[in-house]
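[1] sequence plus predicted model, see below.
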Amino acid sequence: MAQHCLRVSSLAQEFGFDHNFQLVALHHDDAEAYLRDIPSPVKRFLPAIKAAEESILCAVMRKWKMKDIDWKALKKLDRMVGAGEEAVWMPRRTDTWGVATRAIPNYTRMPVLDATVGKQLWLAVHETLLWRIEHGC
């Protein structure tokens, strides 16, 4: 999860989104640390899970004084990273229902990080973004 969120935040930076947006992108899946990663199609049948996710994200945003963002833009970046991750790490489909091959953007080529390294990098990016927001850099 940390590595995925690092990718989304990094892509937000590449697309020119501000530090607040990058910080929200870094935290966008925080609820999964408590609720697990539940696929969106399943969540449609579990409205309490979606509500819990939103509640956790609201609490995180309050804690770190994040401002509201363009959520559609974040979802688009999240899907771009997810598609890249799928293309790199999941086996290609060979059945007749397979999806057309996608180009693999450079940001998906980040090597898989050891959990400890991923955590340290996530924390470093988090602290850097907080500092930049606070100091207007």
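    On my side now, so go ahead. Treat the numbers as computed from the prediction; the structure is a model and nothing was measured.
[2] phi, psi for residue 29 please.
    phi -110, psi 20 (degrees, to the nearest 10).
[3] any idea how far it lies from residue 16?
    The gap separating residue 29 from residue 16 is 22 Å, by Cβ to Cβ, to the nearest Å. Where you see a C-beta, it was placed from the backbone N, CA and C, and this is true even at glycine.
[4] compare those two (neighbour count), which wins?
    Neighbours of residue 29 and residue 16, each counted by other Cβ atoms under 10 Å, are more numerous for residue 29; the result is 17 against 7.
[5] how far is the least confident helix or strand in the chain by mean pLDDT from where the chain is centred?
    In the chain, no helix or strand scores lower on mean pLDDT, DSSP states H and E than helix 40-43, which sits at a mean of 81. Mean C-alpha position of helix 40-43 versus that of the full chain (Cα atoms, centre = their mean, to the nearest Å) differs by 17 Å.
[6] same question, stretch 65-79
    On Cα atoms, centre = their mean, the centre of stretch 65-79 falls 9 Å from that of its chain.
[7] give me the contact list for it.
    Residues from elsewhere that reach stretch 65-79, judged by Cβ atoms under 8 Å, 6 or more residues apart in numbering: 8, 11-12, 15, 17, 20-21, 23-25, 27-28, 60.
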